[in-house]
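A.B. asks: give me the fold of what follows.
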Amino acid sequence: MAQALLKFLDNQYISVDGFETKFVQGVMGIFGHGNVTGIGEALERSAGELVYVQGKNEQGMVHAAAAYAKQKNRRQIWACTSSIGPGALNMVTAAATATVNRIPVLLLPGDNFAGRQPDPVLQQLEVASDYNISAADAFKPVSRYWDRIVRPEQLMAASLQAMRVLTDPAETGAVTLALPQDVQAEAYDYPDEFFVKRVHVVDRRPPSAAAIQRATRLIAGAKRPLVIAGGGVLYADATAELAAFAERFGMPVAETQAGKSALPWDHPLNLGAIGVTGSLAANRVAAEADLIIGIGTRYSDFTTASKRAFRSEGVKFVNLNVQAADAAKLEGTALVADAKAGLAALQAELEAAGYRSAYAEGELASLKAEWDREVDRLFAAEHADGLSQTRALGVIQETIDPTSVVVCAAGSLPGDLHRLWRPAQPKTYHMEYGFSCMGYEVAGAFGAALAEPAREVYAFVGDGSYLMMHSELVTSLQEGRKITILLFDNHGFQCIHNLQRANGSDGFGNEFRYRSADTGRLTGSPMPIGFAAHARSLGAAAYTARTPDELREALAQAKQETKTTLIEIPVVPGTNTDGYESWWRVEVPEVSASPKVVAAQREMAARTEEAKPY
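C.D. replies: This next block holds a predicted model:
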């Protein structure tokens, strides 16, 4: 059965706009008793053209696979195999990350014996009330399609369903086929037609004429529209259509984390990031907009500032999205279609109607210029105690090649990068912020490097996230796919430390400090961790940069390296950016011994009253 699965996967292709691509590139895996003698033997003896990459952590390898698919606009994937029990469960977090971000990954966890004779096996869950349940059932809520292959012939129907979901732009995400270890090794006389070349044609979904007319009527009545570009713009290759649409009608554009780089940063109508981590220009326009045109966005609370970003009375929404559930959000007028096809059709109708926005001459240019000056100020910001985080970002921005891919996911860096980073080309900004999964950064950079071997790839990672997961650094060395890890060391989980203190706390449990004999808490001196020395011990090149000049020199040396390199960058805690007329709802206790907490709760409650209820 395992041999048949690989032969099937090796013959899957995808076609978009007439361009055909081999869909499954290979398998990433870690072997254990649940897969080594099944799919492991098949990979050893009969993998066809599929490449095997040895992961070092099951979660990390799935992050790498997801990053690869994201960088490839979801048109090429890797499968991931694990043993049963803990090996399988390690993939669950990354499966959720892929599904939330609408990224295709195929997961092949080993499973209990379907025959049950050697029962219970090592690492098996024993659920006395339902013996069909195993660790693989944990994938059900985080998968877009899930199946368990308890008979070898079931593989045929399940594989076709898996491909249907993986190649569907509206439905894609993690797909799980749980493979009982005995069934993996069973023989079955599969018909030849199961192994023929299959080309999965992804047709661009056109908008209906009625939907275009509804959207056109709404837009035609808007004076101050704002376009929000989400990841769907990039996945649909609709960046040129977005630029043409904005320019034709004088519409400003703001970008989500997934949509950033859809327009060059210096495009006159690009106001930058939107929402909690948004720019001053975008958030001010959003607050006064009478119409929001969301393109390929799922409207997370960071995008909508917990539904408080859009404060104009009677503001309306037009949502162009291939996913009907996303198109229906915020009670918007749904335009269910591919972003490229939808923008072209909408532009034609609006041109026929003679539409143009009513922004005052110079208004948008003035807001953009003001924000550009603020970014310049933050990039140049010096600090008496050392290197500020925004200063470090400014040095990196001015030093690395603009064709480089920057990868990030969690901590304070996503906010700074969303607000400040200036991508000049599409697909050079790779942020996982649908799930904001700590530990994605290094693995994601490896996946991006697999997808983009001709580009420099930089992982922006905090010390907390690096400590959580850095295992695929070793895989990048093993595979000869260089990444450069920019490790911002601020002695802890400072992003959450900032959030904590902003809501009445004195700061608790978020800094990497020794336990104090006086307080009994983690309030002692900061822990000195030698990240550069650690990277060298794994086989990477490594540098430490404490000043702007040292950082420039380290970046120059890293570019000359031929293997994965880490640059340790100590930065002053709390020198990241803050909100710009934005808000994020987090719950604060109504009852507390601290007057500061009570005051913070009252302020949070007051702002919650101003947010949209739907």
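
A.B. asks: report pLDDT for residue 582.
C.D. replies: Confidence per residue is given as pLDDT, and for residue 582 that number is 91.

A.B. asks: okay but it is in contact with residue 276, surely?
C.D. replies: Yes. Judged on Cβ atoms under 8 Å, residue 582 makes contact with residue 276 at a distance of 5.0 Å. Bear in mind the C-beta positions are built from the backbone N, C-alpha and C, glycine included.

A.B. asks: need the residues touching each of those two.
C.D. replies: Residues touching both residue 582 and residue 276 comprise residue 305, with contact defined as Cβ atoms under 8 Å, 6 or more residues apart in numbering.

A.B. asks: contact partners for residue 55?
C.D. replies: Applying Cβ under 8 Å, 6+ apart, one finds that residue 55 lies in contact with 28-30, 61, 64, 80, 471-472, 475.

A.B. asks: change it to 6 Å
C.D. replies: Taking Cβ atoms under 6 Å, 6 or more residues apart in numbering as the definition of contact, the neighbours of residue 55 are 28, 30, 61.

A.B. asks: which SS class is the first one?
C.D. replies: Remark: residue 28 carries the secondary structure label strand [criterion: DSSP: H, G, I helix; E, B strand; the rest coil].

A.B. asks: wouldn't it be in contact with residue 80 here?
C.D. replies: Yes. Between residue 28 and residue 80 there is a contact under Cβ atoms under 6 Å: 4.9 Å.

A.B. asks: shared neighbours, these two?
C.D. replies: Common neighbours of residue 28 and residue 80, using Cβ under 6 Å, 6+ apart, are 61, 65.

A.B. asks: so where do the strands sit in the stretch 101-250 of the chain?
C.D. replies: Listed from the start of the chain, the stretch 101-250 of the chain has strands (DSSP state E, counting those that start in this stretch) covering 105-111, 145-148, 174-180, 198-202, 225-229.

A.B. asks: could you export these to CSV, including columns for mean pLDDT and mean neighbour count?
C.D. replies: Formatted as CSV, the entries for the strands of the stretch 101-250 of the chain read as follows, by pLDDT from 0 to 100; neighbours: other Cβ atoms under 10 Å:
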stretch, mean pLDDT, mean neighbour count
strand 105-111, 98, 29
strand 145-148, 98, 20
strand 174-180, 98, 28
strand 198-202, 98, 14
strand 225-229, 98, 28
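
A.B. asks: how about a markdown table for those, with distance to residue 270 added?
C.D. replies: Conversion of the strands of the stretch 101-250 of the chain to a markdown table gives the following (distance: least, Cβ to Cβ, whole Å):
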| stretch | distance to residue 270 |
| --- | --- |
| strand 105-111 | 31 |
| strand 145-148 | 37 |
| strand 174-180 | 32 |
| strand 198-202 | 28 |
| strand 225-229 | 9 |
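
A.B. asks: among those strands, which is nearest residue 435?
C.D. replies: Using Cβ to Cβ as the criterion, the shortest distance between residue 435 and the strands of the stretch 101-250 of the chain is 11.5 Å, found for strand 174-180.

A.B. asks: closest one to residue 127 among the strands of the stretch 101-250 of the chain?
C.D. replies: Taking Cβ to Cβ as the criterion, residue 127 comes closest to strand 105-111 out of the strands of the stretch 101-250 of the chain, the separation being 13.6 Å.

A.B. asks: helices and strands around that closest one, which ones?
C.D. replies: With contacts taken as 3 or more Cβ pairs under 6 Å, 6 or more residues apart in numbering; DSSP states H and E, strand 105-111 sits against helix 58-71, strand 77-82, strand 174-180.

A.B. asks: export these to a markdown table and tack on distance to residue 508?
C.D. replies: Written out in a markdown table, the entries for the helices and strands packed on strand 105-111 read as follows (distance: least, Cβ to Cβ, whole Å):
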| stretch | distance to residue 508 |
| --- | --- |
| helix 58-71 | 28 |
| strand 77-82 | 36 |
| strand 174-180 | 35 |
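
A.B. asks: tell me the contacts of the closest residue in space to residue 383 that isn't next to it in sequence?
C.D. replies: Computed as Cβ to Cβ, 6 or more residues apart in numbering, the closest residue to residue 383 that is not its neighbour in sequence is residue 572, at 5.0 Å. Under the criterion of Cβ under 6 Å, 6+ apart, the contact list for residue 572 reads 383, 385-386, 388.

A.B. asks: can you select the buried ones from those in ChimeraX?
C.D. replies: Of these, the buried ones can be selected in ChimeraX as follows, counting by 16 or more other Cβ atoms under 10 Å:
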select :388
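
A.B. asks: so which of the contacts of residue 572 belong to helices?
C.D. replies: When DSSP state H is applied, these are split such that none fall in helices.

A.B. asks: make JSON lines from the contacts of residue 572 and add distance to residue 363 and pLDDT to it.
C.D. replies: Supplementary listing: the contacts of residue 572 in JSON lines, determined by distance: Cβ to Cβ, whole Å; pLDDT from 0 to 100:
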{"residue": "383", "distance to residue 363": "34", "pLDDT": "95"}
{"residue": "385", "distance to residue 363": "40", "pLDDT": "95"}
{"residue": "386", "distance to residue 363": "40", "pLDDT": "96"}
{"residue": "388", "distance to residue 363": "32", "pLDDT": "97"}
